[in-house]
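1. Quick one: sequence and predicted model below, then my questions.
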Amino acid sequence: MFWFYVIFGVVVFIYSYFHYSYMYWLELRVPSLSPEFPFGDMKDPILRRQCMGEKIKEIYDFGTKHWYNYIGLYFFSRKVFLPIDPELIKNILVKDFNYFSDRGIHYDEKYDPLSAHLFSIAGPKWKNLRAKLTPAYSPVKIKGMFDIMYKCAHEMMLLVGEIAMSGRPVDIKVSFGFQLKLMMRDPDAEFRKMGKRAFTQTVGDLLKMVVIRSFPFLARLFGIGVFPKDVTEFFRRVETEPGTALTIDEAAAQAFIFFLAGFETTSTTTSFALFELSINFMYREKARKEISAVLEKYNGTMTYDALMEMKYRTVIMSETLRKYPPAPVFLRVCTKRYPIPDTDAYIEKGQSVLIPCYGLHRDDRYWHEPDIFDPERFSEKNKDKIVDGTYIPFGAGPRNCIGIRFALVQAKIALALFLMNFDFDLSPRTKLPLKMETKGIILSPIGGLWLRVNPID
Ligand code: HEM
C-alpha cells in the first residue's frame, strides 16, 4: 500500500507539473496549441509517426492561416518559441544575434568529448573556434580542394556506371564527399554506419537527452553521452592518426561535426536535385546545354573556374534547397531576456527558439505555387523578387553554416558529372508521393530515391 501511495503521489506531481507548465504561453498571451500530456505539441514526432520538420511546418501553416507572427510550443514540458514572421526571424538570426548566439545544445568536453563541436559549443569558446575554422572554408581553400572533390565525384560516377550497366536501378542518395570509395563499394563500411547512427534518433536517444538535460549528474554517473559510445570511440580512433595539431578530443569533435554536417545534407540535396531533374525534362536539358557550352570554352576539362561559370546549376541547387531544405528546422537559445520588437511580449532567457526553415520555404505568401519545382525563381531576372528572410537553407547571421561553399561546390560537381555521363528517369521503386523519414533530423525520403540510369555513349 505504501508504494501505491508513493507511485500515485509521483504521478500526480508529474501530471500537475506538466499541467502547470502548459499554462505558460496562455498566461503570456502568446498564441499556442492544445498540448497533450506528456508529449506537449510533439506527440507524433516523439512517437516517430511524423517527421519533425513536417510537424513544425504544419504548425507554421496553422500560424500563417491565423496571421500569427509567432507561436508558443511545448516539447514535453519544455517551452519553445516558434517565430513565423520573416522580419522577426531575421532579427533573431542576424540583427539581435547577441541575444541568440547559442543553440542550447548539451555538450561536455570532459565526459563526452565528441559533443563539444562547433555546432554545439557556446559563448566565447564558439566565437574563438569559429574564427579559427572559418579560413578553412575560404574560396581559395575550396578551390584548392577542387581536384580531390572532383576525383571523389569521378569515382562515384564509375560506381554508378557499374550499377547502371548491370541494369539495376540506382539509389542516388549517396554521399561522395568523404571516403566515398569506401562507402559506395561497401555500404556497411564503418564510416557510413557511424554517420548514419549519429544522425538517427531512436526513442532511447530521446530518453537519454531528457536525462542529460534534466539530471546531468546522473548522466555523468552512468556515463550517458549525447552520442552512442561506439560512435565516440570510432571518431577518437580516427583522430589518433599522427599529425593533428589540436588535442585528440578537440580534433575528433570537429572532424565528427564536419563529417556529420556534410554527410547527409549534401548527399540528400544532390539526390533531390536529380530526382526533380528526372521528372522535369526541360530543366535537365537546359542544365546539360549549359554544361556543354561551358566545357567547350574550357577545352572539355572540368575546372573550378568552369564550374563557377555554370550558373544554371547554381539555380537548380538553390531551388532544390528551397523545396527540400536538409535542415527543415534549426535551433537557437535565448541568452538574455529579449523584448519582441513592436510588442510588449518577451522571449525569456534560456528559452529555445525553433527557426521554421521548411515552413518559410513552402509558404505561398512568399513563393508562387511553392510545391512546384521551378528553378526560374532564382534566375537573374527573378531573384530580386525573393522576399528578404524567406530563404534560409544554410541559416543566417554569424552562426550560419560554415560549410556553404564546400557543400555547393561538392553538390555542383556531382550534378555536372551525373548530367554529363548519364541519362536517367525515375525508377518505379521510388515511392510517390515522397514520404519523409521520421527517425532522423535531416529531411530525407523514406526508402531512398531510385533512378533508372543509362550511361551516355
Ligand atoms: C547542403 C548542405 C548543407 C546544408 C543545407 C547545411 C545547413 C546548415 C544549417 C541550416 C545550419 C544551422 C545554421 C544556423 O543555425 O543559422 C548549419 C550549421 C553548420 N554546418 Fe552546415 N549545411 C550543409 C553542409 C555543411 C557542410 C558540407 C559542412 C562542413 C564541411 C557543414 C558544417 C556546418 C557546421 C560546422 C555548422 C555549425 C556552425 C556554427 O555553429 O558555427 N555544413 N548547416
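-> Now that the structure is in, tell me what you want to look at.

2. contacting residues around the helix or strand hosting Glu58?
-> If you go by DSSP states H and E, Glu58 is part of helix 52-65. Residues outside helix 52-65 that contact it (C-beta atoms under 8 Å, 6 or more residues apart in numbering) are 31, 33, 41-42, 44-45, 70-71, 73, 82, 84, 325, 328-329, 354, 356, 358-360, 362-363, 365, 436, 441, 443. Heads up, the C-betas are built off the backbone N, CA and C, glycines and all.

3. so of those residues, which ones are in strands?
-> Judged by DSSP state E, these include 70-71, 73, 82, 354 as members of strands.

4. Residue numbers of the protein in contact with the ligand?
-> Residues of the chain lying close to the ligand by C-beta under 6 Å from any ligand atom are 93, 118-119, 130, 257-258, 261-262, 265-266, 269, 321, 326-327, 330, 393-396, 399-403, 406-407.

5. Mind checking which of the contacts of helix 52-65 are buried?
-> 31, 41-42, 44-45, 70-71, 73, 82, 84, 325, 328-329, 354, 356, 358-360, 362-363, 436, 441, 443 (16 or more other C-beta atoms under 10 Å).

6. Quick check: end-to-end length of stretch 84-98?
-> 20 Å (C-alpha to C-alpha, to the nearest Å).

7. With stretch 342-354 instead?
-> Note: stretch 342-354 ends 20 Å apart using C-alpha to C-alpha.

8. How about it, which residues are buried there?
-> 345, 347, 351-354.

9. Residues touching it, excluding its own?
-> 28-30, 56, 69, 73, 75, 78-83, 92, 99-100, 104, 329-340.

10. just stretch 386-405 next, same as before
-> 86-87, 89-90, 93-94, 97, 101, 103, 118, 126, 130, 133-134, 137-139, 142, 258, 261-262, 318, 321-322, 325-327, 330, 332, 355, 357, 360-361, 363, 366-367, 377-378, 407.

11. pLDDT of that stretch, averaged?
-> Stretch 386-405 shows a mean pLDDT of 96.

12. Just the buried residues of that stretch, please?
-> Buried residues in stretch 386-405 (16+ other C-beta under 10 Å): 389-397, 399, 401-403, 405.

13. how much space between the closest residue in space to Arg365 that isn't next to it in sequence and Pro356?
-> For Arg365, ignoring the flanking residues on the chain, the nearest one in space by C-beta to C-beta, 6 or more residues apart in numbering is Thr64 at 6.7 Å. Thr64 sits 10 Å away from Pro356 when distances are taken as C-beta to C-beta, to the nearest Å.

14. Now for those two: what residues contact both?
-> Ile84.

15. pLDDT-wise, which helix or strand of the protein ranks last?
-> Lowest on mean pLDDT, DSSP states H and E among the helices and strands of the chain sits helix 180-185, with a mean of 43.

16. on that earlier part again, could you flag which of the contacts of stretch 342-354 are buried?
-> 30, 56, 69, 73, 75, 79-83, 92, 99-100, 104, 329-335, 338, 340.

17. where exactly do the helices run in the stretch 201-350 of the chain?
-> 203-214, 216-221, 229-238, 248-279, 281-297, 304-309, 311-323 (DSSP state H, counting those that start in this stretch).

18. now the second one: mean pLDDT?
-> For helix 216-221, the mean pLDDT works out to 71.

19. for Glu149, helix, strand, or coil?
-> Actually, residue 149 is Met. It isn't Glu. helix (DSSP: H, G, I helix; E, B strand; the rest coil).

20. What residue in the stretch 201-350 of the chain comes nearest to the ligand?
-> Residue of the stretch 201-350 of the chain nearest the ligand, by C-beta to the nearest ligand atom: Gly262 (2.9 Å).

21. For the residue nearest to Arg365, give its distance to the ligand.
-> 21 Å (C-beta to the nearest ligand atom, to the nearest Å).

22. What's the ChimeraX line that selects buried ones from the contacts of stretch 386-405?
-> Command for ChimeraX, covering only those of the contacts of stretch 386-405 found buried under the criterion 16+ other C-beta under 10 Å:
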select :86,89,90,93,101,103,118,126,137,142,258,261,262,318,321,322,325,326,327,330,332,355,357,360,361,363,366,367,377,378,407
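
23. Go ahead and confirm Ser120 touches Glu109.
-> No. Counting by C-beta atoms under 8 Å, Ser120 does not reach Glu109; the two are 10.3 Å apart.

24. neighbour-wise, which of the two wins?
-> Ser120 (19 against 15; other C-beta atoms under 10 Å).

25. For the more buried one, give me the pLDDT.
-> 93.

26. Could I get the contacting residues of it?
-> So Ser120 contacts 103, 105-107 (C-beta under 8 Å, 6+ apart).

27. my read is it is in a strand, agree?
-> No. Under three-state DSSP, Ser120 sits outside any strand and is assigned coil.

28. And it, its phi and psi?
-> Dihedral angles of Ser120 (phi, psi; degrees, to the nearest 10) stand at phi -100, psi -30.

29. Just give me the neighbour total for Ile446.
-> As a measure of burial, Ile446 has 12 neighbours, counting by other C-beta under 10 Å.

30. Low-confidence stretches in the stretch 151-300 of the chain?
-> 173-203, 206, 213-216, 225-246, 248 (pLDDT under 70).

31. Which residues are in contact with Trp126?
-> Counted by C-beta under 8 Å, 6+ apart, Trp126 has contacts 101-102, 118, 399.

32. Apply 7 Å and report the result again.
-> Leu118 (C-beta atoms under 7 Å, 6 or more residues apart in numbering).

33. Just to be sure, it is in a helix?
-> Yes. Assessed by three-state DSSP, Trp126 belongs to a helix.

34. and Asn400, which of the three is it?
-> coil.

35. on that earlier part again, so what's the model's average confidence on the helix holding Glu58?
-> 97.

36. Could I get the buried residue list for it?
-> Going by 16+ other C-beta under 10 Å, helix 52-65 has these buried residues: 52-57, 59-60, 63-64.

37. What are the buried residues along stretch 13-26?
-> Residues 18, 21-22, 24-25 are the ones in stretch 13-26 that count as buried (16+ other C-beta under 10 Å).

38. Of the residues you listed, which is the nearest to Leu207?
-> Phe18 (16.4 Å; C-beta to C-beta).

39. what helix or strand does that closest one sit in?
-> helix 2-21.

40. what's downstream of that helix, the next helix or strand?
-> With DSSP H and E, the next secondary element past helix 2-21 is helix 24-27.

41. Closest to the ligand out of the buried residues of helix 52-65?
-> Gly53 (11.3 Å).
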